[in-house]
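Participant: Okay, sequence plus prediction incoming.
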Amino acid sequence: MKTIEEIRQENLKAIIKRFYNDTARQYALAAGISPNIMNRFFKPKGHKDFRPINDDMRGWIEAAHSLEKGWMDMDHSLERDPFLKELASDLELLPSQDEETAKTMIRDIVAALAAKKGDP
């Protein structure tokens with residue numbers, strides 16, 4: 001399971017990729033943050049230079065990019081998977097009771113795969 005720090009790092013990377021030509025330095029300059037401080041957000045937890053994206057910074061990032069509150073804390077990596085997008089549209093075709101059963105089964109499978117992906 002991903003930690004909140006990992007999820008926030010991935011989401012900040014996605015914002016930088018989308019809006020700042022995949023350049024953390026451009027983001028740092030636009031945000032008024034030292035590029036050295038920005039680099040610390042991407043260090044692994046436990047690294048001596050690691051700096052977490054705290055709740056204040058998370059809120060600032062969300063507001064600056066017109067994102068809903070809490071967006072930075074959600075794992076969006078699965079949303080980018082074309083198969084999962086297709087699967088979601090297929091689920092809408094099922095009768096509601098079957099849809100809920102299928103969703104539960106899929107969530108269990110996805111959680112198991114995500115946990116396995118995190119293993120070395």
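Facilitator: That came through, no problem. Worth saying up front: this structure is predicted, and the values here are computed from it rather than measured.

Participant: So, low pLDDT: which residues of the chain?
Facilitator: 78-81, 84-85, 88, 117-120 (pLDDT under 70).

Participant: which one's the longest helix in it?
Facilitator: Secondary structure of the chain per DSSP state H: the longest helix is helix 96-118.

Participant: domains for this protein, by residue range?
Facilitator: 4-73, 81-118 (automatic domain parsing).

Participant: Put together a markdown table for those, with mean neighbour count on each row.
Facilitator: Every residue, glycine included, has its C-beta placed from N, CA and C. Listed next are the domains of the chain as a markdown table, based on neighbours: other C-beta atoms under 10 Å:
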| stretch | mean neighbour count |
| --- | --- |
| domain 4-73 | 14 |
| domain 81-118 | 11 |
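
Participant: Give the residue farthest from the middle of this structure.
Facilitator: Within the chain, the residue lying farthest from the chain centre (C-alpha atoms, centre = their mean) is residue 95, at 30.8 Å.
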